[in-house]
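Peer 1: Prediction below, plus the sequence it came from.
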Amino acid sequence: MLPNGSLDPQALSRLWERQWPECPPIAHWLRGHYPDRWIRFHSLPESKRYPDSEAEYAIVLDRHYTVLAELNPSPDLLVITADWTDTPAPTPPKWPRRSEVAPAAQHWQTLIERPDDDPEFRIYTQLYAETRPWRPGIIDVALRAVADDEIYSVILSPPDLRWLYHPYDGGADVILPTTAERDALKNRHRAWLSTHSSGL
């Protein structure tokens, strides 16, 4: 963080490389690179994918905030969102909903997920980051947009990046500092796990 509260993109990149050297900040890659520290929770009973009512949205939000509170990002929550462009420049965005959900986020970095693609058809991942004072409810809009598949590739974390939380439409992937911490969190919320042997 800089003195005025804005993010230092280079410092954040260096911190990411120290904390998570095996994987760039691409949300859906995390579980594959850190399987021994990964756990997935489903956001609705019986692994239902999408909420259909306000009561189900309440369950989705309650599960997210329950886990986040136990992870304890206090005092601030780092919110990383993504967009995609046809050029290395961060505009024009393909998903304007991202800027609606996180209008204060600063551009962090540009990544190429598939560098072997034909350059004429290459898609660039634009990452944005911001910090928000942590409290339950602080990211309701973003979590509801994720639940509705309006945005994706969101990563939540404390500013020191000691753990990573990736909500998706149907649940959340959590990457913990150690396998023991992963197992403890898993045991506290076994009812929210997949019944599939892969954990997905």
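Peer 2: Done, it's in.
Peer 1: most centrally placed residue in the protein?
Peer 2: The C-alpha lying nearest the average C-alpha coordinate of the chain belongs to Ile155 (CA atoms, centre = their mean; 1.9 Å).
Peer 1: Contacts only, for the nearest residue to that residue once chain neighbours are set aside.
Peer 2: Distances taken as CB to CB, 6 or more residues apart in numbering place Ile80 nearest to Ile155, at 4.1 Å, with adjacent residues excluded. In this view, the C-beta of every residue, glycine as well, is placed from N, C-alpha and C. By CB atoms under 8 Å, 6 or more residues apart in numbering, the residues touching Ile80 are Pro25, Ala27, Trp108, Leu127, Tyr128, Ala129, Val154, Ile155, Leu156, Ser157.
Peer 1: you'd agree the fourth one is up against Ile112?
Peer 2: Right, the one you point to is Leu127. No: applying CB atoms under 8 Å, one finds Leu127 not in contact with Ile112, separated by 11.9 Å.
Peer 1: Pick out whichever of the two has more residues nearby.
Peer 2: The neighbour count for Leu127 versus Ile112, taken as other CB atoms under 10 Å, is higher for Leu127 (26 against 14).
Peer 1: Could you list the buried residues of the helix or strand where that one lies?
Peer 2: Per DSSP states H and E, Leu127 falls inside strand 124-133. For strand 124-133, burial by neighbour count (16 or more other CB atoms under 10 Å) applies to Tyr124, Thr125, Gln126, Leu127, Tyr128, Ala129, Glu130, Thr131, Arg132.
Peer 1: repeat for stretch 113-127
Peer 2: Those would be Arg122, Tyr124, Thr125, Gln126, Leu127, for stretch 113-127 by 16+ other CB under 10 Å.
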